[in-house]
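1. Show me how the following folds:
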Amino acid sequence: MRARESETWLLVPLLPIFLVGVPPMLLLSFLGFAGLVILGVLLVCVGLAYGLEANSNFNQQIIVHGYARRSERSVQASNLHSDIRFATLMDVAGAGFIVAGILGFFCFD
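-> Below is the predicted model of the structure:
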């Protein structure tokens, strides 16, 4: 039989992750469906901020660097579309959490 090594050394690097993750879970458990609504609103805010930042970065590239070659313009447009898709996904997920929280609040309470 092989001797099993102790894995307690993993506790030190994983402890900050645990400490950061516990308060939101406690918040959701204490607030219930209202916590889902709050989480949804936060996700919608993140999605809107990310979309605005993507548009800002695109506009800054256009204004600062001026007229770019066709390949550079396509890369910038592709980056903008990718960021907008991610922002839309965050908005949809946030709206889903809001709807789930409202339905849960009215149906199960």
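
2. Which helix or strand lies directly C-terminal to the helix-or-strand element of the chain with minimal mean pLDDT?
-> Within the chain, confidence by mean pLDDT, DSSP states H and E is lowest for helix 11-31 among all helices and strands, at a mean of 84. For helix 11-31, the succeeding helix or strand toward the C-terminus, using DSSP states H and E, is helix 33-65.

3. what's the single longest helix in this structure?
-> In the chain, taking DSSP state H as the definition, the longest helix is helix 70-108.

4. Using CSV, list the CA coordinates for stretch 37-52.
-> Only the C-alpha atoms of stretch 37-52 are listed here, as CSV (Å, rounded to 0.1, in the frame of the first residue of the first chain):
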residue,chain,number,x,y,z
VAL,A,37,-33.8,39.6,-7.8
ILE,A,38,-30.8,41.5,-6.3
LEU,A,39,-28.4,39.2,-8.1
GLY,A,40,-30.3,39.7,-11.3
VAL,A,41,-30.2,43.4,-11.1
LEU,A,42,-26.4,43.3,-10.4
LEU,A,43,-26.0,41.0,-13.5
VAL,A,44,-27.9,43.4,-15.7
CYS,A,45,-25.8,46.3,-14.4
VAL,A,46,-22.6,44.4,-15.2
GLY,A,47,-23.9,43.6,-18.7
LEU,A,48,-24.8,47.2,-19.4
ALA,A,49,-21.5,48.4,-18.1
TYR,A,50,-19.6,45.9,-20.2
GLY,A,51,-21.5,46.8,-23.3
LEU,A,52,-20.8,50.5,-22.7
